[in-house]
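S.K.: 3D, please:
(one chain, ligands or ions: 1)
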Amino acid sequence: MSRIVVIGAGQAGASLVAKLRSAGFEGEITLIGSEPVPPYQRPPLSKAYLLGEMALERLFLRPESFYVDQNIDLRLGQTVTAIDPVAKTVTVDDAILSYDQLALTTGSRPRRLPPAIGGDLDRVFEVRGLADVDAMAPEVSDGARALIVGGGYIGLEAAAVCAKRGVEVVLVEMADRILQRVAAPETSAYFRDLHRAHGVDIREGVGLETLTGTDGKVTGATLSDGSTVAVDFVVVGVGIMPATGLAEQAGLQIENGIRVDANGRTSDPSIWAAGDCASFPYQGVRIRLESVPNAIDQAEAVAENMLGAGKEYVAKPWFWSDQYDVKLQIAGLNAGYDRVVTRKGDGQTASFWYYKGDQLVAVDAMNDPRAYMIGKRLIEAGKTADPAIVGDPEIDLKPLLKS
Ligand code: FAD
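M.R.: Numbers count the residues shown, from 1 in each chain. Below you'll find the predicted structure:
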């Protein structure tokens with residue numbers, strides 16, 4: 001009987017093993033995860049869970065009994081330290097496990113602030129795992145002062161939770177504008193205004209110079225413009241790195257993540273990868289996505305391919321973010337866009353449509369699920385949308401789907 005080992009018990013790992021069983025695989029499955037809890041969803045960590053509005057059990061993707069019922073050997077709190085691709089074994093704690101096929105779903109690691117600038121002080125938090133957020137949550141209280149480093153989605157979501165809980169928030173973004181790496185100036189402006197309306201002090205073009213502390217705890221920060229702020233805690237949201245260490249050590253090809261082909265196979269024919277850690281071909285380029293939908297869809301495609309389906313994974317990128325009472329939904333990828341068309345609705349409803357030449361490539365929709373849904377369907381069908389129609393909120397978008 002064949003044996004499949006999956007390293008990384010997160011969103012992709014859990015999806016992969018579930019799909020193996022639902023697709024009929026009856027061999028041995030071992031799912032190994034460093035964290036001490038069953039696979040869970042991360043998005044609420046910077047949203048409802050941090051706000052205290054979601055119970056721990058609701059984070060879990062499936063109850064632990066699922067893995068028992070499905071005869072999946074779930075090993076929690078165990079870290080794989082080496083892969084031997086020739087012997088086809090992995091080293092986990094003191095044990096050596098053999099595999100016929102191996103999948104890497106190791107996710108990503110947050111970038112940390114270096115100790116030289118105070119990154120190792122107490123009350124400096126990253127927002128990647130449950131343990132990070134459980135440690136941070138008690139600090140998020142009325143009247144506390146927070147510095148948030150980084151104006152990407154994680155930093156902005158943390159800022160929204162903190163502001164809602166009465167924390168005084170200063171958010172610094174080294175680039176000229178928040179969300180610069182991922183969105184158009186229109187989207188940055190929308191969220192800048194939203195946060196400022198909730199009292200968040202957003203400072204763009206300003207970086208962190210150094211953190212200062214007393215008795216090992218962070219108490220202040222000096223910023224690149226020479227100003228100082230007093231703080232009770234710091235949230236670091238300065239991006240993530242794909243977790244490629246094991247793959248590198250095993251000699252697999254790395255290219256902005258673990259390089260896989262369209263089927264999700266690495267440079268070793270017995271080893272596969274999916275989720276945040278994997279870079280894959282997409283419309284003639286190589287990309288890596290950091291999102292739940294990609295982790296699920298790619299992992300499921302890999303599971304089928306491990307069983308011989310030979311199925312090409314065609315990503316349909318989408319993403320969401322919740323800040324205050326605004327739901328942002330993003331369809332497509334905006335890389336290379338040269339024009340943005342604004343569709344403004346009532347109140348906080350708006351959408352920004354990205355074009356590359358005449359081709360619609362992405363939509364950012366704020367509190368506008370209809371614009372998101374129509375944009376997504378158009379993009380996935382390779383269709384475009386007349387900017388004159390998109391830009392006029394009086395014109396219904398639905399007929400665009402028929403053209
Ligand atoms: P992960 O879920 O990170 O799982 C990887 C697992 O592998 C981890 O548990 C890790 O401990 C384990 N591991 C790594 N190395 C080893 C080893 N050697 N041995 C054993 N175990 C190992 N996406 C969205 O689409 N929408 C959102 O709103 C959104 N919000 C987010 C908010 C936060 C705070 C965070 C952190 C992420 C958010 N994301 C969001 C991103 C999304 O959660 C990730 O893209 C997704 O979790 C990726 O799944 P994954 O399985 O690849 O990695």
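S.K.: Backbone dihedrals for the residue lying closest to residue 328 once chain neighbours are set aside, both of them.
M.R.: Ranked by Cβ to Cβ, 6 or more residues apart in numbering and with sequence neighbours excluded, the top spatial neighbour of residue 328 is residue 321, at 4.5 Å. Just so you know, the C-beta spots here come from the backbone N, C-alpha and C atoms, and that holds for glycine as well. Phi and psi for residue 321, reported as degrees, to the nearest 10, are phi -150, psi 140.
S.K.: How about the contacts made by residue 321?
M.R.: 153, 156, 157, 327, 328, 330 (Cβ atoms under 8 Å, 6 or more residues apart in numbering).
S.K.: Let's have those residues in TSV, adding pLDDT, neighbour count and distance to the ligand.
M.R.: Shown next, in TSV, are the contacts of residue 321 (pLDDT from 0 to 100; neighbours: other Cβ atoms under 10 Å; distance: Cβ to the nearest ligand atom, whole Å):
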residue	pLDDT	neighbour count	distance to the ligand
153	97	24	7
156	98	27	11
157	98	23	7
327	98	16	10
328	98	24	9
330	98	25	9
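S.K.: What average pLDDT does the helix ranked longest in the chain get?
M.R.: Longest among the helix segments of the chain by residue count, using DSSP state H, is helix 292-306. Mean pLDDT, computed over helix 292-306, is 98.
S.K.: Check which residues of it are buried.
M.R.: Neighbour counts over helix 292-306 (16 or more other Cβ atoms under 10 Å) mark 292, 294-306 as buried.
S.K.: Is that helix positioned near the ligand?
M.R.: Yes: if you take Cβ under 6 Å from any ligand atom as the test, helix 292-306 does meet the ligand, through 292, 293, 295.
S.K.: one step back: wait, which of the contacts of residue 321 is closest to residue 314?
M.R.: residue 330 (18.0 Å; Cβ to Cβ).
S.K.: Chain neighbours aside, what residue packs nearest to that closest one?
M.R.: Once flanking residues are discounted, residue 330 sits nearest to residue 319: 4.5 Å by Cβ to Cβ, 6+ apart.
S.K.: So what's the residue count around the residue in the stretch 251-400 of the chain that the ligand sits nearest to?
M.R.: For the stretch 251-400 of the chain and the ligand, the shortest gap (Cβ to the nearest ligand atom) falls at residue 275, measuring 2.3 Å. Neighbouring residues of residue 275 were enumerated by other Cβ atoms under 10 Å; the total is 34.
S.K.: Give me the neighbour count for the residue nearest to it when sequence neighbours are not counted.
M.R.: Using Cβ to Cβ, 6+ apart and skipping residues adjacent in sequence, the residue nearest residue 275 is residue 12, 3.0 Å away. Using other Cβ under 10 Å, residue 12 is surrounded by 31 other residues.
S.K.: Residue 12 sits in which helix or strand?
M.R.: helix 11-22 (DSSP states H and E).
S.K.: Report the next helix or strand after that helix in sequence order.
M.R.: strand 28-33.
S.K.: so does that following strand get close to the ligand?
M.R.: Yes: shown here: strand 28-33 in contact with the ligand (Cβ under 6 Å from any ligand atom) through 32, 33.
S.K.: Could the C-alpha coordinates of that strand be exported in CSV?
M.R.: Below are the C-alpha coordinates for strand 28-33, written out as CSV (Å, rounded to 0.1, in the frame of the first residue of the first chain):
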residue,chain,number,x,y,z
GLU,A,28,-1.6,5.7,4.5
ILE,A,29,-1.7,9.5,5.0
THR,A,30,0.4,11.3,7.5
LEU,A,31,-0.1,15.1,8.0
ILE,A,32,2.6,16.8,10.1
GLY,A,33,2.3,20.3,11.6
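S.K.: Pull out the buried positions in it.
M.R.: 28, 29, 30, 31, 32, 33.
S.K.: which helices and strands sit right next to whatever helix or strand comes next after that strand?
M.R.: Remark: after strand 28-33, the chain's next helix or strand is helix 48-51, criterion DSSP H and E. Judged by 3 or more Cβ pairs under 8 Å, 6 or more residues apart in numbering; DSSP states H and E, helix 48-51 is in contact with helix 130-136, helix 153-164.
S.K.: Highest mean neighbour count out of those?
M.R.: Compared across the helices and strands packed on helix 48-51, helix 153-164 shows the largest average neighbour count, a mean of 25 (mean count of other Cβ atoms under 10 Å).
S.K.: Looking at the very next helix or strand once past that one now, give me its mean pLDDT.
M.R.: Sequence-wise, the next helix or strand downstream of helix 153-164 (DSSP H and E) is strand 168-173. Averaged across strand 168-173, the pLDDT comes to 98.
S.K.: ok, the residue nearest to residue 275 to residue 297 distance?
M.R.: As judged by Cβ to Cβ, to the nearest Å, residue 12 and residue 297 stand 10 Å apart.
S.K.: swap in residue 202?
M.R.: 34 Å.
S.K.: Enumerate every residue touching the residue of the stretch 51-200 of the chain found nearest the ligand.
M.R.: Distances between the stretch 51-200 of the chain and the ligand by Cβ to the nearest ligand atom are smallest at residue 107, namely 2.5 Å. Residue 107 makes contact with 8, 10, 11, 12, 242, 243, 275, 276, 277, according to Cβ under 8 Å, 6+ apart.
S.K.: Would you point out the most distant pair within those residues?
M.R.: Top of the distance list for the contacts of residue 107 (Cβ to Cβ): 11 and 242, 14.2 Å.
S.K.: Looking at these two, which is more packed in?
M.R.: residue 11 (26 against 22).
S.K.: tell me the contacts of the more buried one?
M.R.: 39, 41, 42, 61, 107, 275, 292, 295, 296, 299.
S.K.: ranges for the helices of this protein?
M.R.: Under DSSP H, the chain gives helices at 11-22, 48-51, 56-59, 64-69, 130-136, 153-164, 185-197, 245-249, 292-306, 369-380, 387-390.
S.K.: Could you list the contact residues of the protein toward the ligand?
M.R.: 7-13, 32-35, 42-43, 45-46, 79-80, 105-108, 127-128, 154, 243, 246, 275-277, 290-293, 295, 319-321.
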